[in-house]
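# below are the sequence and a predicted model; questions follow.
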Amino acid sequence: MRIFGSALGVAIGLALLVVLSSLAAAGSGTASAAPQTMVKGPFYNVTFTETGLPAGTNWSVHVAYVGCGCDGVRKTVTSNTPSITIPVTNGTYNYNILKVPGYFVNVSAHGTFNVSATDIPSVSVVFYPVVPFLAEFTEIGLPNGTLWTVTVTGNGHGQERAIEDQTASSYGTSLNFSLPNGTYHFTVAKVPGSFFVGNSWHGKFVIAGASPPATQVTFTTPPTYALTFTETGLPNGTNWSVRVAGWGGVKISETHSSTTNTVTFSLPNGSYRYVVAEVLGFSVNGSITGHEQITNTSVAVNVSFLQLVEGAFYPVAFEENGLPAGTHWAVTVTATHTFGHSRSTTQSSDGTMIYFLLQNSTYRFQVHAVKEYTISSGGSGTFSVAGSSPGVQVVNFTAIPTYTMTFSESGLPNGTNWSILVRSTNAHSTPWLIHVVQTANTTSITFTTLPNGSYCYKIYPIAGWHLTSGALAGSFNVTGASPPGISVTWAPKG
């Protein structure tokens, strides 16, 4: 019997709270459960015990079976007493404590428990009242009526995290957050036409039983002038970018993009360095970098792009080792530029070679995963094309070991069909998802190519027959070897 934490989303509880509000309205003082499909026992009691809520307050627990077979429980139970007891069958379950207005549950808001033929007498749930304190932010330097925005994030867990993470905006000189105790980080959004003084746009503050001192954010809003870049040579609609950095009374670093032929910055007096981002298939006629001085007037910069000469392409080859003949595989190559833009292309093949035709540039590549294989080397990296083809990029695949699982039956007449489903316990329990049904009229059924992982199985019922030994559903693990077989015995009903 084990209980341990997990990251089950609190969002499940939010959705279910709407349903539970109608149940809570009854106020009967007894636990109530949402309808569910009939589940066969035996059942064992899991008891959740809360502290921190006023007497008579409704609270709810949702449990969901995550194990194998068809015999798990999924239900939501609500009570206005300190304990909620839920009968469940053997297996693994996720649980979630639903939100109660004015309170939060921290670490114990969600988790996992295992039932193995015994009750779980107490899962402790601690509710804390939301005791908010005022966290104030003030700004100086913005024109009157300017909208500004602050985002704070806390370091809490469970339901507390949703309370701590907030965003607020204001057209005035101050804005406030109502926050519980905790450590918080904040960031202030950029305001067009204004600039931050120093590092006041981000920082940290602590609330410990009282409101902290107000946090001041300092802007400057000097006169600005246009620094306009005008390009020629690019096809209409092509995205291009410029980055500008320098000192205009404050440190400034901005990147702007455009699909028109102009990129414009609004900057105060100062000295600035700029960089024009490369555009795939084009080069800049001249330097991509430069300096400009703004002194009480706008500045214009012309940028001329030249299309690379047709034919200035070089073959780049990828070769795979380790895949069976005819296996489909693929590679994505991405051109990496100064900043701002990247352009990718993907090629695939059923053979051992993949080719790209690429222009001079620096590239990164990523080999796509192939089911039932790992990439032992050459799966990702970078290369450069500089007037000639680079060497062949070799990709080595290694087969993931797989094993077999055999089910045997006795009792059925010769030639009777019987069927079994074998599947991965969940999406992450095996390297790739397994969901296979096999039918046979022999006394054994063998599943092959099962990688290491955890599995569920289900033996389908046969009309007029029942099992006298073995189970119609269960689980098994594969860990480096074929697991022991599973045997069942059938007998006629009645």
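The structure has been received and is ready for your questions. Numbers count the residues shown, from 1 in each chain.

# what helix or strand does the spatially closest residue to residue 85 that is not a sequence neighbour sit in?
The shortest distance from residue 85 to any non-neighbouring residue, by C-beta to C-beta, 6 or more residues apart in numbering, is to residue 47 (4.6 Å). Every C-beta, even on glycine, is put in place using the N, C-alpha and C of the backbone. Assessed by DSSP states H and E, residue 47 sits inside strand 44-51.

# now that strand - C-alpha only, PDB.
Only the C-alpha atoms of strand 44-51 are listed here, as PDB (Å, rounded to 0.1, in the frame of the first residue of the first chain):
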ATOM      1  CA  TYR A  44     -11.600  -1.800  -0.300                       C
ATOM      2  CA  ASN A  45     -12.200   1.500   1.400                       C
ATOM      3  CA  VAL A  46      -9.900   4.600   0.800                       C
ATOM      4  CA  THR A  47     -10.600   7.300   3.300                       C
ATOM      5  CA  PHE A  48      -9.700  11.000   2.800                       C
ATOM      6  CA  THR A  49      -9.600  13.100   5.900                       C
ATOM      7  CA  GLU A  50      -9.600  16.800   5.800                       C
ATOM      8  CA  THR A  51      -8.600  19.500   8.300                       C
END
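
# may I see the buried residues of it?
Taking 16 or more other C-beta atoms under 10 Å as the basis for neighbour counts, the residues of strand 44-51 that come out buried are 44, 46, 48, 50.

# report the two of these separated the most.
Between all members of the buried residues of strand 44-51, the longest pairwise span (C-beta to C-beta) is found for 44 and 50 and amounts to 20.5 Å.

# now the strands for the stretch 251-400 of the chain?
Under the criterion DSSP state E, counting those that start in this stretch, the stretch 251-400 of the chain contains strands at 251-258, 262-267, 270-276, 282-284, 289-294, 299-307, 314-321, 329-336, 342-349, 353-358, 361-367, 373-377, 380-385, 393-399.

# now the ones you listed in a markdown table, with distance to residue 191 and mean pLDDT?
What follows is the strands of the stretch 251-400 of the chain, written out as a markdown table (distance: least, C-beta to C-beta, whole Å; pLDDT from 0 to 100):
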| stretch | distance to residue 191 | mean pLDDT |
| --- | --- | --- |
| strand 251-258 | 13 | 91 |
| strand 262-267 | 12 | 96 |
| strand 270-276 | 18 | 95 |
| strand 282-284 | 32 | 84 |
| strand 289-294 | 20 | 95 |
| strand 299-307 | 23 | 94 |
| strand 314-321 | 46 | 95 |
| strand 329-336 | 32 | 90 |
| strand 342-349 | 29 | 84 |
| strand 353-358 | 42 | 92 |
| strand 361-367 | 35 | 91 |
| strand 373-377 | 47 | 96 |
| strand 380-385 | 38 | 92 |
| strand 393-399 | 47 | 97 |
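
# how about a markdown table for those strands, with distance to residue 491 added?
Output for these, formatted as a markdown table (distance: least, C-beta to C-beta, whole Å):
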| stretch | distance to residue 491 |
| --- | --- |
| strand 251-258 | 74 |
| strand 262-267 | 81 |
| strand 270-276 | 80 |
| strand 282-284 | 78 |
| strand 289-294 | 84 |
| strand 299-307 | 80 |
| strand 314-321 | 53 |
| strand 329-336 | 50 |
| strand 342-349 | 53 |
| strand 353-358 | 58 |
| strand 361-367 | 54 |
| strand 373-377 | 44 |
| strand 380-385 | 57 |
| strand 393-399 | 42 |
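
# for residue 200, find the nearest of these.
Nearest of those to residue 200, taken as C-beta to C-beta: strand 251-258 at 12.1 Å.

# now tabulate the strands of the stretch 251-400 of the chain in TSV and tack on distance to residue 150 and mean neighbour count.
Formatted as TSV, the entries for those read as follows, by distance: least, C-beta to C-beta, whole Å; neighbours: other C-beta atoms under 10 Å:
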stretch	distance to residue 150	mean neighbour count
strand 251-258	20	15
strand 262-267	23	18
strand 270-276	27	18
strand 282-284	39	18
strand 289-294	30	14
strand 299-307	33	15
strand 314-321	48	17
strand 329-336	34	18
strand 342-349	32	13
strand 353-358	45	16
strand 361-367	36	18
strand 373-377	44	15
strand 380-385	39	14
strand 393-399	47	17
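
# which one of those strands lies closest to residue 474?
When these are compared (using C-beta to C-beta), the closest one is strand 393-399, at 28.5 Å.

# angle of that closest one against strand 361-367?
Here strand 393-399 runs at an angle of 10 degrees relative to strand 361-367 (axes from the mean of the first three to the mean of the last three C-alpha atoms, to 10 degrees).

# could you report the distance from residue 153 to residue 202?
With the distance defined as C-beta to C-beta, to the nearest Å, residue 153 ends up 11 Å from residue 202.

# and for residue 486, the neighbour number?
Residue 486: 17 surrounding residues under other C-beta atoms under 10 Å.

# for it, give me the pLDDT.
Note for residue 486: predicted pLDDT of 95.

# residue contacts, the residue nearest to it when sequence neighbours are not counted?
Across the structure, with C-beta to C-beta, 6+ apart as the measure, the residue nearest residue 486 apart from its sequence neighbours is residue 407 (5.2 Å). For residue 407, the contact set (C-beta atoms under 8 Å, 6 or more residues apart in numbering) comprises 420, 444, 445, 446, 447, 457, 459, 485, 486, 487, 488.

# ok, of those, which come out buried?
Applying 16+ other C-beta under 10 Å to the contacts of residue 407, the neighbour count classes 420, 445, 447, 457, 459, 486, 488 as buried.

# send the alpha carbons of the helix or strand where the third one lies over as CSV?
Okay, so that is residue 447. For residue 447, the host element (DSSP H and E) is strand 444-450. Output in CSV follows, covering the C-alpha atoms of strand 444-450 (Å, rounded to 0.1, in the frame of the first residue of the first chain):
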residue,chain,number,x,y,z
SER,A,444,-2.2,-20.6,-26.9
ILE,A,445,-1.8,-17.1,-28.2
THR,A,446,1.6,-15.4,-28.3
PHE,A,447,2.2,-11.6,-28.6
THR,A,448,5.6,-10.7,-30.1
THR,A,449,7.6,-7.5,-30.4
LEU,A,450,6.8,-6.2,-26.9
